[in-house]
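1. Model the following, please.
(chains A and B)
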2 protein chains.
Amino acid sequence: MGQPSQRAKAESLRALHHAPHALVLVNIWDVASALVVQQAGFRAIATSSSAVSSSLGYPDGERISADEMLAAVERIARRLAVPLTADMEAGYVREPEQLADLVGRLIAAGAVGLNLEDGTDPATGTLVPLAEATERVRIVREAADGAGIPIVINARTDVRLDRAPDSEDDLGEAIARLRAYRDAGADCLFPIGARKSATIAVLIRELSCPINILAGVGAPSVHELETMGVARISLGGAPQRATLGTLVRIATEMREAGTYHSLEDALTHHELEELTAAAPR
Amino acid sequence: MGQPSQRAKAESLRALHHAPHALVLVNIWDVASALVVQQAGFRAIATSSSAVSSSLGYPDGERISADEMLAAVERIARRLAVPLTADMEAGYVREPEQLADLVGRLIAAGAVGLNLEDGTDPATGTLVPLAEATERVRIVREAADGAGIPIVINARTDVRLDRAPDSEDDLGEAIARLRAYRDAGADCLFPIGARKSATIAVLIRELSCPINILAGVGAPSVHELETMGVARISLGGAPQRATLGTLVRIATEMREAGTYHSLEDALTHHELEELTAAAPR
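-> The predicted structure follows:
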């Protein structure tokens, strides 16, 4: 049985999926970024697997090991007051027993939620067969509940809803998969490519379950998504990529002009020290 | 004896301190930030200890362990083509044998340079006594040369040259300390608080050795520093704190407006993937 405080965090994270306002997640990649977002008033923190991976030197798509990903999750979780949900890609392991073990390690790392996706290869778009993907959601549900920490499962389908030509077939497959994940114990359903209002409306109507939309430039606003009934809104790897855009501008200015304007809106050393010094250790 | 390629990197980093142009360092904190700066055309990469520490959840000032700092250095060094110099604060260890061991571990991690400072407590401004601080520079020099990797020592004094009231006394003490470190084998001397042109001119005249100036908002430009004869210009923790400033703006916009303008200048997912996929592993 886990700590009551971790159980309470899991319940708190679940409740945020059923609140009057959408759960908004500004995804992070390390402790400093997590503390900045928590300080900005967000009620939960989510990792982005692509952002954590690139921070540690790996391309996206399970090129990082489960060990390194879990070590990053633990570093972040132990410094936060609010619930942390971890993007665990397709779970990093293939065998059912390994997956149950991974859930135990994720709980030990301090997370109270996870993203679990059914894509196995971003290059080819290959999906785990439906029956197996559904069984994996069930294994996670049972392992977490058995450990006494009812972690929030955000089950993602990698059916490409942003692929134009055959989008109606894709939408049907996404709905079938997400319903199966819901019935296997997922708390929230994440159709990764869904951005068009019409598509999102169909998904909400057909799924009867909180859904997660990946927002960002070109997507409907938080207010519009909330009005449509979206329960959870996340940004994926974009926040980290935006901060790296700032670093490109700093480096370019240093190389070309040799001046420091792009450093002007930095946090102060004192502000960053306050964030890290106040965090539990 | 180390790999010839690591020895060549150390020699290349040293040569950059004696080149027609100053060595400009945009300090980084993780692999993604290192790859961004390398891609921008910089000829060497430097960590910032405060940035690495906050990324991993610690305040500045040796609150991180040597093990965690070296693990971060290794993650970064093994992915870079250009030389990496690591900010190792005051060395993390007190005993001479431990310091020699640390140099071996730093070389094993792939670094070819280090910052070694004589401050032990940022809160009180306490300095290591001059004789001991000088001996520590000598230990690092001998350990590195004995290992066959002539790493570049950037010896920093924490005498506060930005402290107004008694600045002439401070300047005298800084010069005495930096001369001692130079004679003990340092390759570059780093008076941390020196920003005024007059102070920098005196230091260059009195030290007869490459000097490192911490630049940033309010400091003379790269061109002005080069013209004065500064050999090495770094930015410390400011690049990371500027990127975290971007994250504050993203989080604030998401909370207040629910829109995505502050994500518009992000690196693309493809650009970040290219950076991490191309790096050696």
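2. Surely A:Gly148 touches A:Arg7?
-> Yes - look at A:Gly148 against A:Arg7 with Cβ atoms under 8 Å: they come within range, at 6.4 Å. No exception for glycine: its C-beta is placed from N, CA and C like everyone else's.
3. Of those two, give the one with the bigger neighbour count.
-> The neighbour comparison of A:Gly148 against A:Arg7 (other Cβ atoms under 10 Å in any protein chain shown) goes to A:Arg7, with 17 against 14.
4. wait, isn't A:Val128 in contact with A:Arg136?
-> Yes - A:Val128 sits in contact with A:Arg136 when judged by Cβ under 8 Å, with a separation of 7.1 Å.
5. Could I get the contacting residues of the closest residue to A:Leu35 other than its chain neighbours?
-> Distances taken as Cβ to Cβ, 6 or more residues apart in numbering or on different chains place A:Leu275 nearest to A:Leu35, at 4.3 Å, with adjacent residues excluded. A:Leu275 is in contact with A:32, A:35-36, A:39, B:54, counting by Cβ atoms under 8 Å, 6 or more residues apart in numbering or on different chains.
6. so A:Leu275, which of the three states?
-> The local conformation at A:Leu275, judged by DSSP: H, G, I helix; E, B strand; the rest coil, is helix.
7. pLDDT wise, what is it at?
-> Predicted confidence (pLDDT) at A:Leu275: the value is 95.
8. Quick one: the contacts of A:Leu275 as TSV, columns for neighbour count too.
-> Compiled in TSV, these are given as follows (neighbours: other Cβ atoms under 10 Å in any protein chain shown):
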residue	neighbour count
A:Ala32	31
A:Leu35	25
A:Val36	27
A:Gln39	15
B:Ser54	30
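9. With adjacent residues omitted, what lies nearest to A:Thr268?
-> In space, A:Thr268 is closest to B:Arg241, 7.2 Å off (Cβ to Cβ, 6+ apart).
10. What are the buried residues along the helix or strand hosting the one you found?
-> In this assignment (DSSP states H and E), B:Arg241 forms part of helix B:238-256. Within helix B:238-256, the residues scored as buried using 16 or more other Cβ atoms under 10 Å in any protein chain shown are B:238-251, B:253-254.
11. pLDDT on stretch A:37-55, on average?
-> Per-residue scores along stretch A:37-55 average to 98.
12. Tell me the buried residues in it?
-> Quick answer for stretch A:37-55 (16+ other Cβ under 10 Å): A:37-38, A:40, A:42-55.
13. can you narrow those residues to ones near chain B?
-> Among those, the ones lying near chain B by Cβ under 8 Å from any Cβ of the partner chain are A:37, A:40, A:42, A:50, A:53-55.
14. farthest pair in these?
-> Farthest apart among those by Cβ to Cβ are A:Ala40 and A:Ser53. That separation is 23.8 Å.
15. Any idea how many residues pack against the residue of the stretch 51-200 of chain A found nearest chain B?
-> Closest approach between the stretch 51-200 of chain A and chain B, counting by Cβ to the nearest Cβ: A:Gly57, at 3.5 Å. Residues lying near A:Gly57 (other Cβ under 10 Å) number 24.
16. Would you agree it is in contact with B:Ala71?
-> No - between A:Gly57 and B:Ala71 there is no contact, the gap being 11.9 Å when judged by Cβ under 8 Å.
17. Residue nearest the middle of chain A, spatially speaking?
-> For chain A, A:Asp87 is the residue whose C-alpha lies nearest the centre (Cα atoms, centre = their mean; 4.4 Å).
18. which non-adjacent residue is nearest that one?
-> A:Ser49 (3.9 Å).
19. Need the residues that contact stretch A:258-265.
-> A:246, A:249-250, A:253-254, B:24, B:215-219, B:221-223, B:226, B:235, B:238-239, B:242, B:245-246, B:249.
20. and that stretch, how far apart are its ends?
-> Distance between the two ends of stretch A:258-265: 17 Å, counting by Cα to Cα, to the nearest Å.
21. what about A:Asp13, distance to chain B?
-> In this structure residue A:13 is Leu, not Asp. Distance of A:Leu13 to chain B, computed by Cβ to the nearest Cβ, to the nearest Å: 18 Å.
22. From A:Val152, how far off is the closest residue in space to that residue that isn't next to it in sequence?
-> Nearest residue to A:Leu13, sequence neighbours excluded (Cβ to Cβ, 6+ apart): A:Pro83, at 3.9 Å. Using Cβ to Cβ, to the nearest Å, A:Pro83 is found at 8 Å from A:Val152.
23. what touches both of these two?
-> A:10, A:13, A:112-113.
24. got TSV for those, with neighbour count and secondary structure too?
-> As requested, the shared contacts of A:Pro83 and A:Val152 are exported to TSV (neighbours: other Cβ atoms under 10 Å in any protein chain shown; DSSP: H, G, I helix; E, B strand; the rest coil):
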residue	neighbour count	secondary structure
A:Ala10	24	helix
A:Leu13	27	helix
A:Val112	29	coil
A:Gly113	28	strand
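25. Quick one: residues contacting the residue nearest to A:Pro210 when sequence neighbours are not counted.
-> Spatially, and ignoring its direct neighbours in sequence, A:Pro210 is nearest to A:Ala231 (3.4 Å; Cβ to Cβ, 6+ apart). A:Ala231 makes contacts with A:17-18, A:22-23, A:188, A:210-212, as judged by Cβ under 8 Å, 6+ apart.
26. Show me the two of the residues you listed that sit farthest apart.
-> A:His18 and A:Asn212 (13.5 Å).
27. which of these two has more neighbours?
-> Using other Cβ under 10 Å as the criterion, A:His18 and A:Asn212 rank with A:Asn212 on top: 25 against 10.
28. so A:Ile64 sits right up against A:Ser53, yeah?
-> Yes - the criterion here is Cβ under 8 Å, and A:Ile64 meets it with A:Ser53 at 4.6 Å.
29. what's the neighbour count on A:Ala19?
-> Around A:Ala19 there are 10 other residues, counting by other Cβ under 10 Å.
30. what packs against the lowest-mean-pLDDT helix or strand in chain A?
-> Within chain A, no helix or strand scores below strand A:119-121, which has a mean of 80 by mean pLDDT, DSSP states H and E. Strand A:119-121 sits against strand A:126-127, with contacts defined as 3 or more Cβ pairs under 8 Å, 6 or more residues apart in numbering or on different chains; DSSP states H and E.
31. Residues of the stretch 51-200 of chain A that sit close to chain B?
-> Residues of the stretch 51-200 of chain A lying close to chain B (Cβ under 8 Å from any Cβ) are A:53-60, A:75-76, A:78-79.
32. Okay, and which of those map to helices?
-> A:53-55, A:75-76 (DSSP state H).
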